[in-house]
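> Sharing a model that was predicted from the sequence below.
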Amino acid sequence: MTDVDADIEAARAEWLAGAPARSPEVEQARFAGGVPDADALELADINPFNPHLFREDRWHDHFARLRSEDPVHVNELASAGRYWSITTWDAIREAEADWRSFSSEPSIVLGPPIGTPLPKAIDQIGSFISMDPPEHERQRITVRRSTTPAANKLVEPLIRQRVGDVLDGLPVGNTFNWVQHVSVELTGMMLATLFGIPLEDRSKLLRWSDVATTIPEPGGLVESTAQRRAEFAEMLEYFDVLWEKRRAEPGDDLISMLAHGEATRHMTPLQQVGNLMLLIIGGNDTTRNTMSGSVFAFNEFPEQFAAMRADPTLVDNLPHEIIRWQTPLAYMRRTATADCEFRGRHIKRHDQVLLWYVSANRDATVFDDPDRFDLGRRNANRHLSFGTGIHYCMGARLAELQIKVLWEEILQRNMRVELQAAPTRTFSSFIHGYVDVPVRVIR
């Protein structure tokens, strides 16, 4: 057995052995649905991390109240300790810019308090999004060329062809789930291309992305943490094989770039998987849920679709506005590196700080009538869905391109996508998305 094989076996054993008994996700999942309205709660009792708020699509008023009354808001959870919610556009930009005070290490999602013992396989999984300079930039630059304007221009014909094929194959006149038939298909094929894997394996990438971002619950996509760890063990094996193949025979794909990059080629298997999962989730959940959200938005605001049909140039602003309106990743976490004062609040060292992009993008001091989906919005590109500063999403232009091409092809086919029932939303306070968007296509 090689050293790498031994690492994989150790990682598999530790995943299966278990994690801390309680996680913030599990704690929040125990909260009953039907969270009281924001105006029925004491300010201190508003807890924006509760995933029921997002599954029930009732988060708007809770964040509106925090922006108005307590834009740097503290909560405390038994399994996460103190965490702060920063909810206004300008405060988030200020915190994001100060990476020395608010570090991306060790994680971008709310987790156990700093110092909590974790199994090695969990503790050592990391990615460059969970790093600060200079190592962050050294690893990020390794894969940056995959999403440059030149790279996007080369891949656009393939995106357009695949979009056309998917749209032409839809069951016209029958109700179907847009998420699975369109959003998942298109993002899955794009991921397979970026990773240089067979198209038939795209379902593996999508599955692992969903498993990584879903809260385990009975009857859910993942029913237990044990099931999640077992599937992660399979993922470790799959990527280890690919990594070794790309080391021997590199191609023009993300795995090859990482396997041969100066800053990434000597990573451990767990570090390899951390970066690969970052790229999978970044390419899957964000674009997929924005594609699905665009259908919901046009049904909520049908005059906007009529305006776009009358003036197809409005599709140019569509990616900015729908990414603002949907905000596919609700927040990013930072960790305070020392006691500090921020906007009049005393934040302690090791406190977790959540930058709620989903709230900033509805900040009325920046966006007029922010809850409205408006293709004519002149400053839609000021949204924070891609973050800001050193962690600005490197795949932003590729995501925008895919969304734009999708609706250009819908317009070209003179299609109308009609919502047939209320969508089912993701049970997560991190991934702001959809499980089922039942629609019918009319030509």
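Good, I have the coordinates.
> alpha carbons only for contacts and neighbour counts from here, please
Fine.
> Now do the strands in this structure.
Here the chain has its strands, by DSSP state E, at 72-77, 81-86, 102-103, 175-177, 331-336, 340-342, 345-347, 352-356, 416-419, 424-425, 434-436, 438-442.
> deepest of those strands, which one?
Most buried of the strands of the chain by mean neighbour count (mean count of other CA atoms under 10 Å) is strand 352-356; its value is a mean of 28.
> State the paired neighbours of it in the sheet, together with their directions.
Strand pairing for strand 352-356, using DSSP bridges, gives strand 81-86 (parallel), strand 331-336 (antiparallel).
> correct me, but Asp339 touches Gln352?
No - the pair Asp339 and Gln352 does not pass the contact test of CA atoms under 8 Å, sitting 11.9 Å apart.
> Let me have the strands of the chain in TSV, extended by distance to Met257 and mean pLDDT.
Below are the strands of the chain laid out as TSV (distance: least, CA to CA, whole Å; pLDDT from 0 to 100):
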stretch	distance to Met257	mean pLDDT
strand 72-77	40	94
strand 81-86	35	95
strand 102-103	26	94
strand 175-177	35	98
strand 331-336	26	95
strand 340-342	39	97
strand 345-347	39	97
strand 352-356	30	97
strand 416-419	39	97
strand 424-425	35	96
strand 434-436	32	96
strand 438-442	39	96
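> among those, which is nearest Met189?
strand 175-177 (17.8 Å; CA to CA).
> Parallel or antiparallel, which strands does that closest one pair with?
Checking strand 175-177 against DSSP bridges gives partners strand 438-442 (antiparallel).
> Could you dump the strands of the chain into JSON lines with distance to Pro149 added?
Shown next, in JSON lines, are those (distance: least, CA to CA, whole Å):
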{"stretch": "strand 72-77", "distance to Pro149": "37"}
{"stretch": "strand 81-86", "distance to Pro149": "33"}
{"stretch": "strand 102-103", "distance to Pro149": "29"}
{"stretch": "strand 175-177", "distance to Pro149": "32"}
{"stretch": "strand 331-336", "distance to Pro149": "26"}
{"stretch": "strand 340-342", "distance to Pro149": "37"}
{"stretch": "strand 345-347", "distance to Pro149": "40"}
{"stretch": "strand 352-356", "distance to Pro149": "28"}
{"stretch": "strand 416-419", "distance to Pro149": "30"}
{"stretch": "strand 424-425", "distance to Pro149": "33"}
{"stretch": "strand 434-436", "distance to Pro149": "29"}
{"stretch": "strand 438-442", "distance to Pro149": "33"}
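> and of the ones you listed, who's closest to Gly376?
Of all those, strand 416-419 sits nearest to Gly376, with 20.3 Å by CA to CA.
> buried sites along stretch 369-376?
370, 373-375 (16 or more other CA atoms under 10 Å).
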